[in-house]
Structure formats: structure tokens, C-alpha cells
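A.B. asks: Turn this into a structure:
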Amino acid sequence: MAMQHDILEGFLKDAFPQAQIELVDLAGDNDHWKAVIISPQFEGKSRIAQHQMVYAALKGKMGGELHALALETRPA
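C.D. replies: Numbering: from 1, shown residues only. Model prediction:
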């Protein structure tokens with residue numbers, strides 16, 4: 001089962017309510033996504049810490065319903 005755009009966006013908006021979020025379905029299968037997230041919550045955090053915050057927001061869905069996620073994160 002793949003992760004639909006609205007579900008993925010919901011997880012991210014819940015975790016990063018002030019963020020600008022852009023999602024791109026890389027393969028047209030709802031299984032391989034690119035997410036660009038620009039959030040004030042990333043201020044002062046390393047890129048690794050930013051990505052860990054995103055994975056935490058996905059509540060264990062990464063590797064299951066969500067097969068691949070290319071991340072681009074930066075502070076607002």
C-alpha cells in the first residue's frame with residue numbers, strides 16, 4: 001500500500017504547521033516522494049537533525065507505506 005499525497009502532507013503539516021511544504025511524486029506511484037520543507041522549526045538544527053524530525057513526523061510509516069522519500073529541508 002502506497003502513501004497518498006494528502007496523508008503524507010497531513011503528517012508533515014501536523015508536525016510543521018508553519019512550514020512551506022512541497023511534495024513531488026517522483027514515480028507517479030505514491031510510493032517515491034520528494035519533500036521540500038522550509039520551516040522555522042529547523043532553525044539552528046543540522047541537516048541530519050532536520051531529517052530526523054521529518055522521519056519522526058511520519059510516525060513509523062517510512063519503509064512501509066512510504067517506500068522512498070528524498071528530503072530537502074532548510075530553516076525559514
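
A.B. asks: Only C-alpha atoms from now on, for both contacts and neighbour counts.
C.D. replies: Will do.

A.B. asks: For this structure, which segments are assigned as helices?
C.D. replies: 5-15, 47-57 (DSSP state H).

A.B. asks: Farthest out from the centre of this protein, which residue is that? Tell me.
C.D. replies: Distance from the centre of the chain peaks at residue 44, with 18.7 Å (CA atoms, centre = their mean).

A.B. asks: list the buried ones in stretch 15-32?
C.D. replies: By 16 or more other CA atoms under 10 Å, the buried positions in stretch 15-32 come out as 15, 16, 19, 21, 23, 30, 31, 32.

A.B. asks: avg pLDDT for stretch 60-72?
C.D. replies: Taken as a whole, stretch 60-72 carries a mean pLDDT of 88.

A.B. asks: List of residues touching it?
C.D. replies: 1, 2, 3, 31, 32, 33, 34, 35, 36, 37, 51, 55 (CA atoms under 8 Å, 6 or more residues apart in numbering).

A.B. asks: isn't the second one right up against residue 27?
C.D. replies: Think residue 2. No - contact criterion CA atoms under 8 Å: residue 2 and residue 27 do not qualify, at 11.8 Å.

A.B. asks: returning to what we had before: among the buried residues of stretch 15-32, which ones are in strands?
C.D. replies: Among the buried residues of stretch 15-32, the members found in strands (DSSP state E) are 21, 23, 32.

A.B. asks: So the last one versus residue 60, what's the distance?
C.D. replies: Same thing as residue 32. Per CA to CA, to the nearest Å, residue 32 is found 16 Å from residue 60.

A.B. asks: What of residue 69?
C.D. replies: 13 Å.

A.B. asks: out of those two, which sits in the busier spot?
C.D. replies: Counted by other CA atoms under 10 Å, residue 69 and residue 60 do not tie: residue 69 has more neighbours, with 18 against 11.

A.B. asks: in the chain, what spans have low per-residue confidence?
C.D. replies: Counting by pLDDT under 70, the chain contains no low-confidence range.

A.B. asks: Give the burial count for residue 73, as a bare number.
C.D. replies: By other CA under 10 Å, 19 other residues sit near residue 73.

A.B. asks: Which residue is the nearest non-sequential neighbour of it?
C.D. replies: Distance criterion CA to CA, 6 or more residues apart in numbering; nearest residue to residue 73, sequence neighbours excluded, is residue 37 at 4.9 Å.
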